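>>> predicted model follows, preceded by the sequence.
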There are 4 protein chains.
Amino acid sequence: MIRILITGGTFDKRYDEISARLHFTESHVPDMLKLGRSRVDVAIRTVMLVDSLDMTDADRALIAENCAQAPEPRIVVTHGTDTMVETARTIAERARDKTVVLTGAMVPYAFGSSDGLFNLGSALSFAQVLPPGVYVAMNGRYFPYDRVRKNTKTGAFEETGESGAGD
Amino acid sequence: MIRILITGGTFDKRYDEISARLHFTESHVPDMLKLGRSRVDVAIRTVMLVDSLDMTDADRALIAENCAQAPEPRIVVTHGTDTMVETARTIAERARDKTVVLTGAMVPYAFGSSDGLFNLGSALSFAQVLPPGVYVAMNGRYFPYDRVRKNTKTGAFEETGESGAGD
Amino acid sequence: MIRILITGGTFDKRYDEISARLHFTESHVPDMLKLGRSRVDVAIRTVMLVDSLDMTDADRALIAENCAQAPEPRIVVTHGTDTMVETARTIAERARDKTVVLTGAMVPYAFGSSDGLFNLGSALSFAQVLPPGVYVAMNGRYFPYDRVRKNTKTGAFEETGESGAGD
Amino acid sequence: MIRILITGGTFDKRYDEISARLHFTESHVPDMLKLGRSRVDVAIRTVMLVDSLDMTDADRALIAENCAQAPEPRIVVTHGTDTMVETARTIAERARDKTVVLTGAMVPYAFGSSDGLFNLGSALSFAQVLPPGVYVAMNGRYFPYDRVRKNTKTGAFEETGESGAGD
């Protein structure tokens, strides 16, 4: 069984037609798994629904705590892309004995042009086969948490080439 | 680099509004990779565009030959679901030293409710990390080619539990 | 109030992922009106759900009878495009004192590329303002029933230019 | 021939995945007409692409001037919903000898759940048959410009019941 921890991010944003703003109501992850005809055994928990730019240290600690205490050894975390790498580092401090894969989306799933479904299929797959460690799965690729950054100009994730630990 | 071999299947069917029939024109895979913001290095080849119920032994031999001769050690094959397992077996006879992942879709990508994007993200991810062998990636899971069957009632892929070789 | 009579057609076809065929389950019209944020007062009745190529004379008589007996003076009929003009003629024989607008779609609403929502918005609007008579509303235009034909090559509706009665 | 004047509004907003904001690049109207298989003879002009909350008196004067000077007697104006009624009044001062229909959308066309295609089909249809006057076409209905208001709580347009001139 795989644990899915939902934290919000672009992935789950919706357009509120009265205020004309993007907001959160509930996660699309269950609908996405249904659309993907997923038969992976999962346990889903919505930890929070926030924009990752608004995440506090306490939020990150809470997510890491959820990873550490989950009974499942394999975890997918949906997360905003802007601070995904920062949260990955926090998780690595507390739950590096598990396989934790963070993913997100550049465009809300509710909008037609989202990469969300592709990314969820990807993250769920990497989570089933990668050895223990904390990873970011974006753009069809996976990166160890300490060798990745988001290129803020292109929006793509890329290797830093400045890994410390060697993994 | 990953080789993607396109063979058709529901995945790539389109609705022809003049004849009111499903048909093939060209593959959606490049559009899907773009939508997924994929940055995986891939080489795409359209081997054929056929319904897998119409595939002949010669077609399967051709697909297997393409797997065997591809310079890349990791391959994704898009394929109709009805005879995916049969083609997987043919590939396993000729290219078992490579990691070959077959995937497809229950609903054409061009229709809103397709599982195709989820499956492509999944297959591409499994292809990057699984050891050499031939696999089917559907429903978010992966199966060795000799332990899987399509449940024709539910449309889902499941383990046969009757593996011979142990793989 | 406007009466909406549903008869099937491409408009309402769905893709059955087990049989890989197009079929009917229930009409999309209520969902489409919701998506269009329609606040037109409507009474919807599903008369049948058939491919218009399979319609019999008895089917057409039943549709015409529903038009004649509806208490509302303004009616929209959703219908397959192939024999839409034929049914329009049958309706004109029995209910020419009402404003009846037939519409349909070239691609099923459930598929992303459908003209259905555009056509429904169009037909519902024409039905509110055209004088009594039987019309086909397709391609953003409206045509009196006796001056229109479907161009089977382009799929578009066009004036016949060979009107008999002068309407 | 019908003149279509594009002014922006929610209708044409897009999601910019780098800045995570809604913005304008170019209008979706040509794509929407293609999707609707429209064969209405139209001349399209993009007058501006702005949020209607940001529209100035000069902007409204420019739109009205475009209506007055267009050679076509029938005009559709795409516009943000928040100040659509205000612009309709300005147009009515200068071009009341023409049939001018304003429409818009509650959700951007680029997002799956938009009412835009329904509204465009509706507005284009009303523009073909309504007598000279300035109208708002939303929610499948049409309203003379001086008897309509947007209900800011529900997002729907409704009659004011406080018509002055009687139209």
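Cool, got the structure.

>>> show me where chain A has helices.
Secondary structure of chain A by DSSP state H: the helices cover A:29-35, A:57-69, A:84-94, A:116-129.

>>> just these: most buried one?
Stretch with highest mean neighbour count among these: helix A:116-129 (a mean of 28; mean count of other C-beta atoms under 10 Å in any protein chain shown). Heads up, the C-betas are built off the backbone N, CA and C, glycines and all.

>>> determine if any part of that one is in contact with chain B.
Yes: Helix A:116-129 lies within reach of chain B by C-beta under 8 Å from any C-beta of the partner chain, at A:117, A:118, A:119, A:120, A:121, A:122, A:123, A:124, A:125, A:126, A:128, A:129.

>>> thought residue A:95 was touching residue A:132?
No: with contact defined as C-beta atoms under 8 Å, residue A:95 does not count as touching residue A:132 (9.1 Å).

>>> please say which of those two ends up with more neighbours.
residue A:95 (22 against 12; other C-beta atoms under 10 Å in any protein chain shown).

>>> and that one, what is it in contact with?
A:64, A:67, A:68, A:75, A:134 (C-beta atoms under 8 Å, 6 or more residues apart in numbering or on different chains).

>>> which of these come close to chain C?
With the criterion set as C-beta under 8 Å from any C-beta, no member of those is near chain C.

>>> which residues of chain A lie near chain D?
A:10, A:15, A:17-18, A:20, A:22, A:106-108, A:110-113, A:152-155.

>>> can you narrow these down to the ones near chain C?
Answer for these near chain C (C-beta under 8 Å from any C-beta): residue A:112.

>>> narrow the residues of chain A next to chain D to just the buried residues.
Buried by 16 or more other C-beta atoms under 10 Å in any protein chain shown: A:10, A:15, A:17, A:20, A:22, A:106, A:107, A:108, A:110, A:111, A:112, A:155, out of the residues of chain A next to chain D.

>>> show me which residues of chain A sit near chain B.
Near chain B, the residues belonging to chain A are A:32-33, A:35-40, A:106, A:113-115, A:117-126, A:128-130, A:137-142, A:155-158 when assessed by C-beta under 8 Å from any C-beta.

>>> which residues does the nearest residue to residue A:12 once chain neighbours are set aside contact?
Here the nearest residue to residue A:12 in space, its sequence neighbours aside, is residue A:27; by C-beta to C-beta, 6 or more residues apart in numbering or on different chains that works out to 5.0 Å. Listed by C-beta under 8 Å, 6+ apart, the contact partners of residue A:27 are A:6, A:12, A:44, A:46, A:49, A:78.

>>> top of these by number of neighbours, please.
Ranked by neighbour count (other C-beta under 10 Å), those have residue A:78 at the top, with 31 neighbours.

>>> how near is it to residue A:103?
The gap separating residue A:78 from residue A:103 is 6 Å, by C-beta to C-beta, to the nearest Å.

>>> overlap in contacts, the two.
Jointly contacting residue A:78 and residue A:103 under the rule C-beta under 8 Å, 6+ apart are residue A:120.

>>> next, the contact list for the residue of chain A most remote from its centre, please.
Centroid-distance maximum for chain A: residue A:18 at 28.8 Å, with C-alpha atoms, centre = their mean. Neighbouring residues of residue A:18 by C-beta under 8 Å, 6+ apart: D:152, D:153, D:154, D:155.

>>> list phi and psi for residue A:132.
Per-residue torsions, residue A:132: phi -50, psi 140 (degrees, to the nearest 10).

>>> need the pLDDT of it.
Residue A:132 carries a pLDDT value of 98.

>>> can you pull the contacts of it?
Neighbour list for residue A:132: A:73, A:96, A:97, A:98, A:99 [criterion: C-beta under 8 Å, 6+ apart].

>>> among these, which are in strands?
Residues of these located in strands (DSSP state E): residue A:99.

>>> got TSV for the contacts of residue A:132, with neighbour count, distance to chain C and pLDDT too?
Shown next, in TSV, are these (neighbours: other C-beta atoms under 10 Å in any protein chain shown; distance: C-beta to the nearest C-beta, whole Å; pLDDT from 0 to 100):
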residue	neighbour count	distance to chain C	pLDDT
A:73	15	33	98
A:96	15	41	83
A:97	10	40	95
A:98	19	35	98
A:99	22	32	98
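
>>> among the contacts of residue A:132, which pair sits farthest apart?
The largest separation in those, counting by C-beta to C-beta, is between A:73 and A:96 at 11.9 Å.

>>> got a list of what the residue nearest to residue A:60 when sequence neighbours are not counted touches?
Computed as C-beta to C-beta, 6+ apart, the closest residue to residue A:60 that is not its neighbour in sequence is residue A:90, at 4.2 Å. Contacts for residue A:90 (C-beta under 8 Å, 6+ apart) come out as A:60, A:61, A:63, A:64.

>>> now, which of the contacts of residue A:18 sits nearest residue B:82?
Nearest to residue B:82, judged by C-beta to C-beta, of the contacts of residue A:18 is residue D:155 at 46.0 Å.

>>> doesn't residue D:106 make contact with the closest one?
Yes: if you go by C-beta under 8 Å, residue D:155 and residue D:106 touch, sitting 5.3 Å apart.

>>> common neighbours of the two, please.
Between them, residue D:155 and residue D:106 share the contacting residues A:17, C:37, D:81, judged by C-beta under 8 Å, 6+ apart.

>>> closest residue of chain A to chain C?
Distances between chain A and chain C by C-beta to the nearest C-beta are smallest at residue A:112, namely 7.8 Å.

>>> do you know how far the closest residue to residue A:154 other than its chain neighbours is from residue B:39?
Leaving aside its sequence neighbours, residue A:154 sits nearest to residue D:18 (C-beta to C-beta, 6+ apart; 8.0 Å). In this view, residue D:18 and residue B:39 are 16 Å apart by C-beta to C-beta.

>>> how about residue A:35?
Separation of residue A:35 from residue B:39 (C-beta to C-beta): 23 Å.

>>> and chain A, which residues reach chain C?
residue A:112.

>>> low-confidence regions, chain A specifically.
The model of chain A has pLDDT under 70 over residues A:162-167.

>>> which strand runs longest in it?
If you go by DSSP E, chain A has its longest strand at strand A:42-50.

>>> dump the C-alpha coordinates for it into PDB.
The C-alpha trace of strand A:42-50 is given here as PDB (Å, rounded to 0.1, in the frame of the first residue of the first chain):
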ATOM      1  CA  VAL A  42      -3.600   3.700  -1.600                       C
ATOM      2  CA  ALA A  43      -4.400   5.500   1.600                       C
ATOM      3  CA  ILE A  44      -5.100   9.200   1.000                       C
ATOM      4  CA  ARG A  45      -4.700  11.900   3.600                       C
ATOM      5  CA  THR A  46      -5.200  15.600   3.100                       C
ATOM      6  CA  VAL A  47      -2.700  17.200   5.400                       C
ATOM      7  CA  MET A  48      -3.400  20.800   4.200                       C
ATOM      8  CA  LEU A  49      -4.500  22.600   1.100                       C
ATOM      9  CA  VAL A  50      -2.100  25.600   0.700                       C
END
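
>>> which neighbouring elements make contact with that strand?
strand A:2-8, helix A:29-35, helix A:57-69 (3 or more C-beta pairs under 8 Å, 6 or more residues apart in numbering or on different chains; DSSP states H and E).

>>> identify the bridge partners of residue A:15.
Residues in a beta bridge with residue A:15, per DSSP bridges, are residue A:22.

>>> and it, what is it in contact with?
Applying C-beta under 8 Å, 6+ apart, we find residue A:15 in contact with A:21, A:22, A:108, A:110, A:111, D:107, D:108, D:111, D:113.

>>> ok, it to chain B distance?
Using C-beta to the nearest C-beta, to the nearest Å, we find residue A:15 at a distance of 18 Å from chain B.

>>> give me the distance from stretch A:129-144 to the chain's centre.
Once both centres are worked out by C-alpha atoms, centre = their mean, to the nearest Å, stretch A:129-144 turns out to sit 10 Å from its chain's centre.

>>> how about it: buried residues?
For stretch A:129-144, the neighbour count (16+ other C-beta under 10 Å) marks A:129-130, A:133-144 as buried.
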